[in-house]
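**Q** predicted structure and sequence below. I'll ask about it afterward.
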Amino acid sequence: MSFLYPVTELASAIQETKTPWGITIYRTTYTPLSDLHFDRIVELIGALLKENIRTWKNSDDDEQGTAYTILKENYQPIVMNDRSTFDGMTFEDARVHQQSYIELPEGTAGETTGRPWTNENFFIVVDEEVVQTLAELCDQVTPAQLQEGSRDDKTFFNYANRRKWWVKVAETELWEEDDKGWMKCSIFMLWNLWSDMNGEEGMSTWEAMAMRSGVYTG
């Protein structure tokens with residue numbers, strides 16, 4: 001599902017269907033290091049996603065403020081985490097799995113059994129390289145420390161850190177035949193990507209804007 005006004009429209013969909021929302025995360029590594037850090041990585045993705053929404057929305061818009069509260073309270077990550085299925089899975093195989101997953105019905109009015117709302121145009125892949133990249137962040141902070149802007153923007157949410165800590169994100173559908181279909185995205189800027197990946201432009205557009213640092217930073 002794509003939303004022209006992602007904060008307010010997503011909040012409306014959540015309220016109307018009583019269905020949570022979440023970003024889709026594939027775990028494709030099951031090493032001891034990943035066992036140690038994966039759950040924390042999922043928590044940090046959620047905390048930083050919410051913080052990104054808080055700073056992305058218009059602070060003077062009461063409707064967006066209300067919508068942010070709804071999103072914050074109804075976030076439920078969609079975690080693909082089964083060693084027998086996903087260990088070592090390639091981007092191509094994860095893409096096929098994601099294409100099948102989003103064919104499941106979303107929540108509809110009066111029902112609570114549909115799958116959570118998600119951005120159907122991309123998903124996160126946590127492989128061993130991502131785990132190694134985020135291990136330091138996992139050791140430094142807890143999700144609670146990242147809520148409601150508790151970190152000083154100048155000392156933590158700075159450009160150097162936005163480039164330093166990233167996840168891999170992949171397109172659900174390739175836009176171009178020669179497009180590799182994935183890129184690195186700052187863990188601080190996942191909502192920016194959510195709003196950019198609206199089904200109207202491929203990921204290659206946003207990757208081209210990130211070539212200087214190699215990481216999409218919104």
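**A** Received it, and whenever you're ready, just let me know what you need.
**Q** buried residues in the host helix or strand of Thr55, which are they?
**A** Taking DSSP states H and E as the criterion, Thr55 maps to helix 32-56. Buried positions in helix 32-56, judged by neighbour count with 16 or more other Cβ atoms under 10 Å: 34, 37-38, 40-54, 56. The C-beta positions use only the backbone N, C-alpha and C, and glycine is treated the same way.
**Q** before we move on, what about stretch 65-84?
**A** 67-68, 70-72, 74-75, 77-80.
**Q** what's stretch 37-47 in contact with?
**A** The contact list for stretch 37-47 (Cβ atoms under 8 Å, 6 or more residues apart in numbering) reads 23, 25, 27, 75, 77, 79, 81, 124, 126, 130-131, 134-135, 137-138, 141, 143-144, 146-147, 167, 187, 190.
**Q** how about a cut-off of 7 Å?
**A** 23, 25, 27, 75, 77, 79, 124, 126, 131, 134-135, 137-138, 143, 146-147, 187, 190 (Cβ atoms under 7 Å, 6 or more residues apart in numbering).
**Q** for stretch 189-203, same thing?
**A** For stretch 189-203, the external contacting residues (Cβ under 7 Å, 6+ apart) are 2, 6, 23, 45, 48-49, 52-53, 56, 119, 121-122, 162, 169, 171, 175-176, 179, 181, 183, 185, 206, 216-218.
**Q** again, 6 Å this time
**A** 2, 6, 49, 52-53, 56, 119, 121-122, 171, 175, 183, 185, 206, 217-218 (Cβ atoms under 6 Å, 6 or more residues apart in numbering).
**Q** just stretch 86-104 next, same as before
**A** Contacts of stretch 86-104 (Cβ under 6 Å, 6+ apart): 26-28, 30, 80, 115, 120, 123, 170, 172, 182.
**Q** now, these that are in strands?
**A** 26-27, 80, 123, 170, 182 (DSSP state E).
**Q** what is the nearest of the residues you listed to Ala13?
**A** Nearest to Ala13 among those: Phe123, at 18.8 Å, using Cβ to Cβ.
**Q** what about the closest one, neighbour count?
**A** By other Cβ atoms under 10 Å, 26 other residues sit near Phe123.
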